[in-house]
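*Asks:* give me the fold of what follows.
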Amino acid sequence: MSPARSLLFPPFRLDPADERLWRDSQVIALRRKTLAVLGYLREHLGQLVTKDELLAAVWPDTVVTEGQLTESIVKFRGTQ
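*Replies:* You can find the predicted model right below:
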């Protein structure tokens, strides 16, 4: 995710520099990896993103379970 620019998808704004997700004027508390997953998916909007690609992008050189990825997705989907 580019650290210099916010990603807009109304009513949300993802600010990678501050590691915050905003819904209008309210900050939504999410963990750093959850924000990274959301940012990666937003940057690749309209493209097929495989689980392996997402794991490599967000958790490079780290062994993670599929459950951790699923948990991150469930967290940001619950913000809607």
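*Asks:* rest of the way, CA atoms for contacts and neighbours
*Replies:* Fine.
*Asks:* confidence score at Val49?
*Replies:* We note a pLDDT of 94 for Val49 in this prediction.
*Asks:* now Glu43
*Replies:* Glu43 is given a pLDDT of 87.
*Asks:* going forward, the N-terminal residue is numbered 48.
*Replies:* Okay, residue one is now 48; in that scheme the one you just asked about reads as Glu90.
*Asks:* low-scoring stretches of the protein, by residue?
*Replies:* Residue ranges of the chain with pLDDT under 70: 48-51, 126-127.
*Asks:* which stretches of it form strands?
*Replies:* 54-56, 59-62, 67-70, 73-75 (DSSP state E).
*Asks:* okay if I get those strands as CSV plus distance to Gly125 and mean neighbour count?
*Replies:* Shown next, in CSV, are the strands of the chain (distance: least, Cα to Cα, whole Å; neighbours: other Cα atoms under 10 Å):
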stretch, distance to Gly125, mean neighbour count
strand 54-56, 16, 13
strand 59-62, 13, 20
strand 67-70, 12, 18
strand 73-75, 10, 12
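*Asks:* could I get these as CSV with distance to Arg89?
*Replies:* Converted to CSV, the strands of the chain look like this (distance: least, Cα to Cα, whole Å):
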stretch, distance to Arg89
strand 54-56, 8
strand 59-62, 9
strand 67-70, 12
strand 73-75, 17
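*Asks:* which stretch among those comes nearest Gln94?
*Replies:* Among the strands of the chain, the nearest to Gln94 by Cα to Cα is strand 54-56 (16.1 Å).
*Asks:* which residues sit against the closest one?
*Replies:* Defining contact as Cα atoms under 8 Å, 6 or more residues apart in numbering, one finds that strand 54-56 is touched by 60-62, 86, 89-90.
*Asks:* again with stretch 83-90
*Replies:* Stretch 83-90 has contacts (Cα under 8 Å, 6+ apart) with 48, 54, 61, 63, 96, 101, 104-105, 119-120, 123.
*Asks:* separation between the residue most central in space within the chain and Ser72?
*Replies:* Among the residues of the chain, the one closest to the centroid is Leu85, at 1.8 Å (Cα atoms, centre = their mean). Distance, Leu85 to Ser72, using Cα to Cα, to the nearest Å: 19 Å.
*Asks:* and which of the contacts of strand 54-56 is nearest to Thr109?
*Replies:* If you rank the contacts of strand 54-56 by distance to Thr109 using Cα to Cα, Gly86 comes first, at 18.9 Å.
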